[in-house]
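**Q** Pasting the sequence and the predicted coordinates here, then a few questions.
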Amino acid sequence: MGFVRFMASKAGRGIRIVAGAVLIGIGAAIGGTAGIVVAVVGLLPLATGLFDFCILAPLFRAPLRGCELRAPR
């Protein structure tokens, strides 16, 4: 659960956004089919960081939305 809380924090969101952008950049640099695949994979962490949701949270029986994860219990 600590991992999910970290990923919902501002630092975790920032890491996901940067990682997604880096993967998209690497995909663009590679080019071809492999580059497209890497870039599409990079869209997932970028989108989850920008829209503040954690796709791993339901696996830990936690809420999907970041604001619900950060809310005091």
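**A** Received it, and whenever you're ready, just let me know what you need.
**Q** now the residue most central in space within the chain: how far from residue 52?
**A** A centroid search over the chain (C-alpha atoms, centre = their mean) returns residue 45, at 2.8 Å, as the residue closest to the centre. Computed as C-beta to C-beta, to the nearest Å, the residue 45 to residue 52 distance reads 13 Å. Placement of C-beta: from N, CA and C, glycine included.
**Q** residues of the helix or strand bottoming out on mean pLDDT in the chain that come out buried?
**A** Lowest mean confidence among the helices and strands of the chain (mean pLDDT, DSSP states H and E): helix 66-70, at a mean of 82. Neighbour counts over helix 66-70 (16 or more other C-beta atoms under 10 Å) mark 66, 69 as buried.
**Q** what's the answer for stretch 45-59, then?
**A** 45, 46, 48, 49, 52, 53, 54, 57.
**Q** distance between that stretch and the chain's centre?
**A** Computed by C-alpha atoms, centre = their mean, to the nearest Å, the chain-centroid distance of stretch 45-59 equals 5 Å.
**Q** now stretch 15-22
**A** 7 Å.
**Q** can you check stretch 54-69 too?
**A** So, by C-alpha atoms, centre = their mean, the centroid of stretch 54-69 is 12 Å from its chain's centroid.
**Q** I'd like the secondary structure assignment at the residue nearest to the centre of the chain, please.
**A** helix (DSSP: H, G, I helix; E, B strand; the rest coil).
**Q** which helix in the protein runs the most residues?
**A** Looking across the chain with DSSP state H, the single longest helix is helix 10-30.
**Q** From the contact counts, what lies against that helix?
**A** Counting contacts by 3 or more C-beta pairs under 8 Å, 6 or more residues apart in numbering; DSSP states H and E, helix 10-30 packs against helix 2-8, helix 32-50.
**Q** Return the distance of the shortest one from the chain's centre.
**A** Meaning helix 2-8. Worked out by C-alpha atoms, centre = their mean, helix 2-8 lies 11 Å from the chain centre.
**Q** Export the helices and strands packed on helix 10-30 as TSV, with columns for distance to residue 20.
**A** Conversion of the helices and strands packed on helix 10-30 to TSV gives the following (distance: least, C-beta to C-beta, whole Å):
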stretch	distance to residue 20
helix 2-8	13
helix 32-50	3
